[in-house]
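Q: give the three-dimensional model of this entry:
(2 chains)
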Amino acid sequence: MKSLVIIPAFNEEKSIEKTVADLQENAPEFDYIIINDCSTDNTLSLCREKGMPVLNLHVNLGIGGAVQTGYLYAQKMGYDITVQFDGDGQHDAKYLSAMQAYLQDTGADMVIGSRFIEKEGFQSSGIRRLGIRYFTALIACLTKKTITDPTSGMRMVNRKVIQLFASDYPKDYPEPECIAALLKKNYTIKEYPVVMRERAEGTSSISPLKSVYYMIKVTLAILMEQIRE
Amino acid sequence: MTVKLQIVAGIILILGLLWIVNMIRKRKLELKYALAWMVVIILMLLVDIFPPILSLISFLFGIATPVNTLFILGFIFALALLFILTVTVSRLSDRVRQLSQAVALNEKNIEELQLKELKNKKEADGNTL
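A: Numbers count the residues shown, from 1 in each chain, chains lettered A, B, ... in the order given. Reported below is the predicted structural model:
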């Protein structure tokens, strides 16, 4: 069983080393690959210097395109399981092997690391939680499935989904949208309780100004998934 | 605006909207870029259903006939969409340039590696002879 951690990185020079150290210590059975999404800081040179495996994008593709590059790599290298893992220190590598066991035991296609099952650790700000709850409700309303943390970036998938994502993955704000796409195709999604940290460095890619656009765009995208064949 | 015109315009707008949605559904159009068109169509539908909006805007800007307001708004929308497209094309052309340059540099890298390998092989062959 070959497993790969996909770490999308955009300007993560301050936290990428810590993230990789965490992975090597707490999830040594996982290979990892960093996708440098055309960072403007020293992320790339740092990765090369420390011998961390990196795929370097020459054009900034955004989170969707960067993560999909990871899925293409996983497909090419014949990985059985991949997991997306943020490079900014929010995610904790100690959950990965338990998530993998859970994925295999339940036979799920995707396991999402959820902050809101045991409600421990960093819970995001109030307004953001409201947005997350809205997407939970929207997805539940359309698909009758409850996903408590639809915006979580910590998600593990099996080979079937790797193939799917390698050919088709949303470009911007992909998280809730690809849950809707998978559920529409009758894939099973399970959630595993995790504790997340507040990001160590950097700010969220979604500024308050963009969040209105985010809500509208993602809502439309989720609705659009329902009428796709 | 006569009721007849309202109905005809409404049908055309709804057909347009359905066309866009169908294109997105078939993945021929990306939601991100279609959003501006959808917003314009919905705004026009609003004006079509509630013509007083047009009269109000005409009054506010001192335009004598509401139909002229419609023309001006249409013109402004068209210009805005054209401008968004120009910005997108600029960004795309810049990205194509960067990609081409990266490919060129990579090709040179591979070529050098192949040459080096060939040279090493020749040396190895020379040693065995």
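Q: distance between whichever strand or helix holds residue B:97 and the chain's centre?
A: Secondary structure from DSSP states H and E places residue B:97 in helix B:66-128. Centroid separation between helix B:66-128 and its chain, computed with CA atoms, centre = their mean, to the nearest Å, is 18 Å.
Q: just stretch A:18-38 next, same as before
A: With CA atoms, centre = their mean as the basis, stretch A:18-38 stands 14 Å off its chain's centre.
Q: tell me the mean pLDDT over stretch A:41-53?
A: Regarding stretch A:41-53, the rounded mean pLDDT is 93.
Q: report the buried residues of that stretch.
A: Within stretch A:41-53, the residues that count as buried by 16 or more other CB atoms under 10 Å in any protein chain shown are A:43, A:44, A:46, A:47, A:52. Every C-beta, even on glycine, is put in place using the N, C-alpha and C of the backbone.
Q: if I look at the nearest residue to the first one once chain neighbours are set aside, how far off is residue B:86?
A: Spatial nearest neighbour of residue A:43, excluding adjacent residues (CB to CB, 6 or more residues apart in numbering or on different chains): residue A:13 at 4.9 Å. Residue A:13 sits 34 Å away from residue B:86 when distances are taken as CB to CB, to the nearest Å.
Q: show me which of these two is the more surrounded one.
A: Taking neighbours as other CB atoms under 10 Å in any protein chain shown, residue A:13 and residue B:86 compare with residue A:13 leading, 19 against 10.
Q: most centrally placed residue in chain B?
A: Against the mean C-alpha coordinate of chain B, by CA atoms, centre = their mean, the closest residue is residue B:33 at 4.3 Å.
Q: returning to what we had before: and the helix holding residue B:97, what does it pack against?
A: Contacts defined by 3 or more CB pairs under 8 Å, 6 or more residues apart in numbering or on different chains; DSSP states H and E place helix B:66-128 against helix B:31-49, helix B:52-61.
Q: neighbours of residue B:26, how many?
A: Neighbours of residue B:26 using other CB under 10 Å come to 10.
Q: same thing with residue A:213?
A: Using other CB under 10 Å, residue A:213 has 14 neighbouring residues.
Q: so who does it touch?
A: Applying CB atoms under 8 Å, 6 or more residues apart in numbering or on different chains to residue A:213 gives no contacts.
Q: show the backbone phi and psi for whichever residue of chain A sits closest to chain B.
A: Residue nearest to chain B within chain A: residue A:58 (3.8 Å; CB to the nearest CB). Dihedral pair for residue A:58: phi -90, psi -10, per degrees, to the nearest 10.
Q: pLDDT score assigned to it?
A: 92.
Q: same thing with residue A:212?
A: 87.
Q: count the neighbours of it for me.
A: Using other CB under 10 Å, residue A:212 has 9 other residues around it.
Q: quick check: the gap between it and residue A:218.
A: Going from residue A:212 to residue A:218 by CB to CB gives 11 Å.
Q: and the average pLDDT for the helix holding residue B:97 is what?
A: Computed over helix B:66-128, the mean pLDDT rounds to 89.
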